[in-house]
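S.K.: need coordinates for the following:
(chains A and B)
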Amino acid sequence: GESVGLHLPTLSVQEGDNSIINCAYSNSASDYFIWYKQESGKGPQFIIDIRSNMDKRQGQRVTVLLNKTVKHLSLQIAATQPGDSAVYFCAARDSSYKLIFGSGTRLLVRP
Amino acid sequence: NAGVTQTPKFRVLKTGQSMTLLCAQDMNHEYMYWYRQDPGMGLRLIHYSVGEGTTAKGEVPDGYNVSRLKKQNFLLGLESAAPSQTSVYFCASSYLETQYFGPGTRLLVL
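M.R.: Model prediction:
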């Protein structure tokens, strides 16, 4: 079946450094991708999304890159702050227009 | 706007008991979803609805039922709770692709 996976379960970065969280998907027909941030005890919060007709999209301090050739997307967070500590999920829309979620990467920000 | 709200926030059930989780959204979204989240796993879709009066099965529908009698509400029912249904349940709604999530309901089945 279709799947979405993240490369690292945990990522530790120094405050002020840039963070890169990676995600791979299996369905080459996926046309929409989205990143969520989930803080402890809260629901997932929308960060940024991208359609398959784009390679890059930027938001405030975040950038999503999409490489359709290798079915890979990444979330880049610039100047990582303590408030960025959370679990980050990527999701891809499947052939029936539902989102398939990865298992999440926990981002730890060291002071 | 409150966005997506869920009640209750936390519940403990005994095996075999029933309960209903309520999700409400004030964004006039057509689509609504119920997910479960287990430790170390991503969100798994239980049931979803593409509009008032419609429901459909997701990835893990067994043991759950849903109803969408009003556009703003989506109910998830457990007829006979089992320990395997211990989880955190999230509701989401969307107009198009972007889904917005509620704060979750933590359910413990003993």
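
S.K.: assign the nearest residue to residue B:3 once chain neighbours are set aside to helix, strand or coil.
M.R.: Distance criterion Cβ to Cβ, 6 or more residues apart in numbering or on different chains; nearest residue to residue B:3, sequence neighbours excluded, is residue B:100 at 6.2 Å. (Each C-beta comes from the backbone N, C-alpha and C, glycine too.) Of the three states, residue B:100 takes strand under DSSP: H, G, I helix; E, B strand; the rest coil.

S.K.: so what's residue B:100 up against?
M.R.: A:46, B:3-4, B:25, B:27, B:29, B:92-94 (Cβ atoms under 8 Å, 6 or more residues apart in numbering or on different chains).

S.K.: adding distance to residue A:103 and secondary structure, write the residues you listed out as JSON lines.
M.R.: Output for these, formatted as JSON lines (distance: Cβ to Cβ, whole Å; DSSP: H, G, I helix; E, B strand; the rest coil):
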{"residue": "A:46", "distance to residue A:103": "18", "secondary structure": "strand"}
{"residue": "B:3", "distance to residue A:103": "25", "secondary structure": "coil"}
{"residue": "B:4", "distance to residue A:103": "23", "secondary structure": "strand"}
{"residue": "B:25", "distance to residue A:103": "26", "secondary structure": "strand"}
{"residue": "B:27", "distance to residue A:103": "28", "secondary structure": "coil"}
{"residue": "B:29", "distance to residue A:103": "26", "secondary structure": "coil"}
{"residue": "B:92", "distance to residue A:103": "18", "secondary structure": "strand"}
{"residue": "B:93", "distance to residue A:103": "23", "secondary structure": "strand"}
{"residue": "B:94", "distance to residue A:103": "22", "secondary structure": "strand"}
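
S.K.: what's the most distant pair in these?
M.R.: Pairwise distances across these (Cβ to Cβ) peak at 14.2 Å, for the pair A:46 and B:25.

S.K.: quick one: which of those two has more around it?
M.R.: Taking neighbours as other Cβ atoms under 10 Å in any protein chain shown, residue A:46 and residue B:25 compare with residue B:25 leading, 24 against 13.
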